[in-house]
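here is my input, please return the structure:
(chains A and B)
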Amino acid sequence: EPEVTQTPSHQVTQMGQEVILRCVPISNHLYFYWYRQILGQKVEFLVSFYNNEISEKSEIFDDQFSVERPDGSNFTLKIRSTKLEDSAMYFCASSGRLSGNTIYFGEGSWLTVV
Amino acid sequence: KQEVTQIPAALSVPEGENLVLNCSFTDSAIYNLQWFRQDPGKGLTSLLLIQSSQREQTSGRLNASLDKSSGRSTLYIAASQPGDSATYLCAGGEHAGGTSYGKLTFGQGTILTVHP
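Okay, here's the model as predicted:
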């Protein structure tokens, strides 16, 4: 069964460093998302992406964050100047056509900022 | 702003029991509702998706219902097994217009333990 794949599975970074989290969405999907889950808290929406542009973003997704689809298969989340409070599990997700289809999540990238 | 709440927060049942997990949401203009399973330290596995025009969906031993007017969804698990032990999350989907789909608002989850 097709799946969303994410790398790295776990990354430790120093405060102030830049991090890029990578995702390969399901191949025929057109909608891509990033969510995060801080330990012990709810899963939170960060951003949705369609047709090479952001279609919606949450208030969490400020100038520190950016997303990119550099080629036909990858979807990345860049976090600049990381802070301790950015430590979380980051989930990439994708979905199919324009009908609110099921959203499929990857296994997540666990980011620890020290 | 959509708020999603799940009760109970935790549930422990013996194997074989039928059980119901509850999810409530504040904004009835929900686009769809999706139930997920999350194993410790893992990603989210989609279980069922109910469109706003639907009342229920079934997959194997799982049945999910949606009542928009009361702002509730339930996940029914029949004949529970130890392998069903996980955290179950419900999430309300929004359609903010245009190409903006897929913004899910999650509940905090129900931790289910099924003991042999």
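
name the nearest residue to B:Thr45, ignoring sequence neighbours.
With sequence-adjacent residues excluded and distances taken as CB to CB, 6 or more residues apart in numbering or on different chains, B:Thr45 is closest to B:Arg37, at 4.7 Å. (Each C-beta comes from the backbone N, C-alpha and C, glycine too.)

show residues contacting the top strand by length along chain B.
Secondary structure assigned by DSSP state E gives strand B:86-97 as the longest strand of chain B. Here strand B:86-97 makes contact (CB atoms under 8 Å, 6 or more residues apart in numbering or on different chains) with A:43, A:56, A:100, A:103, B:2, B:4, B:6, B:21, B:23, B:25, B:27, B:30-40, B:44, B:47, B:73, B:75, B:100-107, B:109-112.

pull out the buried residues from it.
Neighbour-count burial for strand B:86-97, counted by 16 or more other CB atoms under 10 Å in any protein chain shown, picks out B:Ala86, B:Thr87, B:Tyr88, B:Leu89, B:Cys90, B:Ala91, B:Gly92, B:Gly93, B:Glu94, B:His95.

ok, these vs A:Cys23, which is closest?
Using CB to CB, B:Ala91 comes nearest to A:Cys23 of those, at 18.9 Å.

leaving out the residues flanking it, which one is nearest to that closest one?
Take B:Ala91 and drop its neighbours on the chain: the residue closest to it by CB to CB, 6+ apart is B:Leu104, 3.9 Å away.

residues in chain A within reach of chain B, list them.
Proximity of chain A to chain B, by CB under 8 Å from any CB of the partner chain, involves residues A:31, A:33, A:35, A:41-45, A:48, A:50-51, A:55-56, A:58, A:91, A:93, A:95, A:98-108, A:110.

hmm, which of the residues you listed are the buried ones?
Buried members of the residues of chain A next to chain B, counted by 16+ other CB under 10 Å: A:31, A:33, A:35, A:42-45, A:48, A:50, A:55-56, A:58, A:91, A:93, A:95, A:100-101, A:103-108, A:110.

in strands, which of these appear?
A:31, A:33, A:35, A:43-45, A:48, A:50, A:55-56, A:91, A:93, A:95, A:103-105, A:110.

for residue 50, report the pLDDT, please.
This is for chain A. Here the pLDDT value assigned to A:Tyr50 is 88.

sorry, I should have been clearer: chain B.
We have a pLDDT of 92 for B:Ile50.
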